[in-house]
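**Student:** here is my input; please provide its structure:
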Amino acid sequence: MSATVAFRVSAGIGFLAVALGAIGGHALRDLLIERDFTATWQTASFYHIVHAIMLCVVAGRAPFVKGVWWAFLTGVLLFSGSLYALCLSNLRMLGALTPFGGVSLLVGWAWLVFSKK
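**Tutor:** Prediction:
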């Protein structure tokens with residue numbers, strides 16, 4: 001994957017972060033309150049937008065470190081994705097995926113700590 005394609009995917013992930021945050025705050029507000037998942041949706045949205053920004057930063061960085069980018073993307077999909085799915089479906093077992101996403105996000109950050117550039 002080229003850095004240009006990675007940047008465009010990253011921008012799409014950022015777009016989704018804003019859209020899902022707004023949907024959770026407006027269209028799904030009553031459902032999230034009823035299920036007591038407002039804070040869960042907010043956590044998913046927060047981690048989603050922070051790591052969407054990091055995906056853009058990593059994609060725009062020279063050299064493009066694909067491993068970091070993939071770790072962050074996987075983390076967003078598993079961490080935020082599982083929380084969004086949990087909130088929408090009320091299937092508590094989906095929460096079992098969330099820690100794997102968290103570990104993937106940690107791997108991305110650790111990779112940056114120890115990368116040479």
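**Student:** and the most centrally placed residue in the chain, what does it touch?
**Tutor:** With distances taken as CA atoms, centre = their mean, the residue of the chain nearest its centroid is Val76 (2.5 Å). Counting by CB atoms under 8 Å, 6 or more residues apart in numbering, Val76 touches 13, 47-48, 51-52, 55, 101, 105. From N, CA and C alone the C-beta is placed, and that goes for glycine too.
**Student:** report how many residues lie close to Arg35.
**Tutor:** Neighbour count for Arg35, taken as other CB atoms under 10 Å: 16.
**Student:** need the contact list for it.
**Tutor:** Here Arg35 is in contact with 87, 90 (criterion: CB under 8 Å, 6+ apart).
**Student:** repeat for Ile13
**Tutor:** 48, 51-52, 55, 73, 76.
**Student:** try 10 Å
**Tutor:** Counting by CB atoms under 10 Å, 6 or more residues apart in numbering, Ile13 touches 48-49, 51-53, 55-56, 72-73, 76-77, 80.
**Student:** which of these fall within helices?
**Tutor:** Those of the contacts of Ile13 mapping onto helices are 48-49, 51-53, 55-56, 72-73, per DSSP state H.
**Student:** which of the residues you listed are buried?
**Tutor:** 48-49, 51-52, 55-56, 72-73 (16 or more other CB atoms under 10 Å).
**Student:** reformat the ones in helices among the contacts of Ile13 as JSON lines; add distance to Lys116 and pLDDT.
**Tutor:** Formatted as JSON lines, those follow (distance: CB to CB, whole Å; pLDDT from 0 to 100):
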{"residue": "His48", "distance to Lys116": "29", "pLDDT": "98"}
{"residue": "Ile49", "distance to Lys116": "28", "pLDDT": "98"}
{"residue": "His51", "distance to Lys116": "22", "pLDDT": "98"}
{"residue": "Ala52", "distance to Lys116": "25", "pLDDT": "98"}
{"residue": "Ile53", "distance to Lys116": "22", "pLDDT": "98"}
{"residue": "Leu55", "distance to Lys116": "20", "pLDDT": "98"}
{"residue": "Cys56", "distance to Lys116": "21", "pLDDT": "98"}
{"residue": "Phe72", "distance to Lys116": "18", "pLDDT": "98"}
{"residue": "Leu73", "distance to Lys116": "22", "pLDDT": "98"}
